[in-house]
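Engineer: using only what follows, build the 3D model:
(chains A, B and C)
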Amino acid sequence: MVDADVKTKCFISEKKQPYLYMKVSLTIDGEDVGQLTPVQYKYLIMQALKETLGQIGASYTVDLLKLSSNGVALLRLPRGYSDKLWAALTMYGATPAKRRCAFRVLQVSPFLMGLVVDSRWQQ
Amino acid sequence: MVRFKNRYILCEVVFPDKKKEIPRIDTKSVYFAVRDAILDAHGDYGLGAVQFSLSVKYLNIKTNIIIIRVERKHLNIVASSVVFIKKVASHNIIMKTLHVGGSIRACQKFLISYHKKNLPLLYSGCETEEQRAKVMQSIVEACDDLQNLTSRTKLTAPDSSSALNNLMSDD
Amino acid sequence: MAAPVYTDMNVLRQPNLSDVIDLGIELGFEQFAINYVVSSLQGGKGKKNEKLIVPPPAEVLLNDESVRSIQKRCASFKQLSRLTAVLEDASNTHRLGAADIQAYDIIAVQVTNEKTFQLACSTLDVDIICFNLSESLGFSLKRAMINLAAKRGIHFEIVYSPALQENTVKRNTISNAMSLIRAGGGKNVIISSGSEQPIDLRSPYDVINLARLFGLSHSQAKDAICRNCRAVLKHAESRKTCKSVVSVIKSSNLSVKEQWVLHQKNTREDSKKTDADMDSSEEDNTEDAHGNLMDSDCEAEMSDALEEPEKKKIKL
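Structural biologist: Just a heads-up that it's a prediction; the model follows:
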């Protein structure tokens, strides 16, 4: 939430941005997501891509920028394939250990700065 | 009403292993090989998008030519996966894409010119006149096969004999 | 422009329903249709005399207490009752017209073969047609049939939650959804979760993006979970009215928003005035006859229509 007193400024970029930044939360049924290391988290993401998009989908560079302790991560996706990669994350429903899991996208922005404020819940 | 448009991928199957006997492959095993390659390269999305329209329309064992049909929109998915096919029914193979056409007829036209070009290459391996005749015979048969395939879909085939005559007269 | 109301048209009726809805609200959905599935319109197997027993919608829905507690968190929360009947053959479809089934807000049929598909598209009075997308359909979706159904205001449903568990199912779902969208031109499609567990739910924006993968354009994808769902509700509502023009309800059942109708009636005892009212209401309502509201391009108009009382009620 932005404080009402703070003046907000609007920046509009005409340029096409090369990346899409995404805030994703992962939930796994009956498991504490906070225990996941970044390597494990990235592994699950790669699994998700490989399942739905195959080897070619898994070859796109998805970067895990930051992982919080509650299973929320910041991802960086190449812009051109972002909707397919996003859909692949959405379609991922079971981990390799057959536990149900869900990637839920919280926020999307072409700028990393854009993830600071969430406009969806802003009144 | 919009017509449902397809693309036909014309491929040659090359057997890298030098063996005496001719490996037997059939339409079904080629289909499953293509399917598995798509699943591996493009995953569930790729196969889901394609499986509705994917089919192996034609297979000639003598000339090792196959034609794969796919919906036009998803041509890329198949064309890029065909490259990754390594095995068909336990035979090592290489898929060589020759042509992509909008109809089987277009593929046939290309195939005739392709055979014509490659005829000297095939003849060079022959020693006797009989062998040459045999090679010629099998190519003509293959072209006839394909002709039947197109004439089934399209009743009028105006230059059916002329294409073959052309091929015959050229050598 | 009013904020879009995201609707999940298919939440299965099961014990931990309130968990699913709790999470759904957290994710951004506001309306839920709670689905009761009838596996066959015929009663018991083999016993012709046994009649199919359908629970009244009140049993399917959440009780008032839990609704109130949810509405504390999300004021615009709304639950709808939905009945899905699996059609194995064309027989017994008259049961859909029975009072206990018509009591549900939304009526859907799941078609299993070409015959029932054609029947549902052309004659059955239902709101939603759904398929078992996890297997190959076994019949082709004819464009003419889909257009006919679209003309009658019927929508087609794509359920995504079965696809999350198994690869073959995922593949078939993608394939079937794509052929459905290709045949229908992306019109009259709704996407719903069909979830049994909270983990099956995805947020509205995820669903919109998923719909893009199936081949919908961005606006169509968004419509698939807001505007088309509203059209389904309109269509369902029109089923309960007389020729989609006049509806009759008890004056005691009028909501607070619509009390003005009574007031007007009481102050002016002039009966001719009411006749005029009736006429105007006729004009107002003919256009929602088939729930085809999404034809109007102006979204602002739509949201205005939401604010106003939908139909002028006539006192008995």
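
Engineer: for burial, what's the neighbour tally of whatever residue of the stretch 101-250 of chain C ends up closest to chain A?
Structural biologist: Relative to chain A, the nearest point of the stretch 101-250 of chain C is residue C:164 (2.7 Å; C-beta to the nearest C-beta). The C-beta positions use only the backbone N, C-alpha and C, and glycine is treated the same way. Residue C:164 has 23 neighbours, counted by other C-beta atoms under 10 Å in any protein chain shown.

Engineer: angles on the backbone of it, please.
Structural biologist: With angles defined as degrees, to the nearest 10, residue C:164 shows backbone torsions of phi -80, psi -10.

Engineer: my guess is it meets residue C:197, correct?
Structural biologist: No - using C-beta atoms under 8 Å, residue C:164 makes no contact with residue C:197, being 10.1 Å away.

Engineer: where are the low-confidence patches of the chain?
Structural biologist: The chain I'm using is chain A. Low-confidence segments of chain A (pLDDT under 70): A:1-4, A:119-123.

Engineer: look at chain C instead
Structural biologist: C:1-3, C:42-52, C:242-244, C:263-316.

Engineer: hmm, try it at 80
Structural biologist: C:1-4, C:40-54, C:56-60, C:89-95, C:97-99, C:240-316 (pLDDT under 80).

Engineer: helices of that one, start to end?
Structural biologist: Remark: helices assigned in chain C by DSSP state H are C:17-27, C:57-60, C:64-73, C:99-102, C:114-122, C:143-151, C:167-184, C:204-213, C:218-223, C:227-240, C:260-267, C:271-286, C:299-307.

Engineer: for residue B:4, find the nearest of those.
Structural biologist: Closest to residue B:4 of those is helix C:167-184 (C-beta to C-beta; 8.6 Å).

Engineer: outline the domain layout of chain B.
Structural biologist: B:6-101, B:104-168 (automatic domain parsing).

Engineer: which residues touch the residue of the stretch 101-250 of chain C found nearest chain B?
Structural biologist: Nearest residue of the stretch 101-250 of chain C to chain B, counting by C-beta to the nearest C-beta: residue C:174, 3.1 Å away. Contact analysis of residue C:174 by C-beta atoms under 8 Å, 6 or more residues apart in numbering or on different chains lists B:44-45, B:48-49, C:163, C:213-214.

Engineer: interface residues of the stretch 201-316 of chain C facing chain B?
Structural biologist: Proximity of the stretch 201-316 of chain C to chain B (C-beta under 8 Å from any C-beta of the partner chain) is limited to residues residue C:213.

Engineer: buried sites along stretch B:13-29?
Structural biologist: B:13, B:23, B:25, B:29 (16 or more other C-beta atoms under 10 Å in any protein chain shown).

Engineer: my guess is residue B:81 meets residue B:43, correct?
Structural biologist: No - using C-beta under 8 Å, residue B:81 makes no contact with residue B:43, being 10.6 Å away.

Engineer: lowest-confidence helix or strand of chain B?
Structural biologist: Least confident helix or strand, chain B: helix B:160-170 with a mean of 51, by mean pLDDT, DSSP states H and E.

Engineer: residue A:64 pairs with what?
Structural biologist: With DSSP bridges applied, residue A:64 shows beta-bridge pairing to residue A:75.

Engineer: now do the strands in chain A.
Structural biologist: Secondary structure of chain A (DSSP state E): strands at A:19-28, A:63-67, A:72-78, A:101-109.

Engineer: nearest residue to the residue of chain A found nearest chain C other than its sequence neighbours?
Structural biologist: Closest residue of chain A to chain C, C-beta to the nearest C-beta: residue A:93 (2.7 Å). Once flanking residues are discounted, residue A:93 sits nearest to residue C:164: 2.7 Å by C-beta to C-beta, 6 or more residues apart in numbering or on different chains.

Engineer: tell me who's in contact with that neighbour.
Structural biologist: Going by C-beta under 8 Å, 6+ apart, residue C:164 touches A:91-94, A:100, A:102, C:170, C:200.

Engineer: near chain A, list only the ones from the buried residues of stretch B:13-29.
Structural biologist: Applying C-beta under 8 Å from any C-beta, the subset of the buried residues of stretch B:13-29 adjacent to chain A is empty.

Engineer: with secondary structure, pLDDT and distance to chain C as new columns, can those residues be given to me in a markdown table?
Structural biologist: What follows is the buried residues of stretch B:13-29, written out as a markdown table (DSSP: H, G, I helix; E, B strand; the rest coil; pLDDT from 0 to 100; distance: C-beta to the nearest C-beta, whole Å):
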| residue | secondary structure | pLDDT | distance to chain C |
| --- | --- | --- | --- |
| B:13 | strand | 88 | 26 |
| B:23 | coil | 73 | 30 |
| B:25 | coil | 81 | 25 |
| B:29 | helix | 90 | 21 |
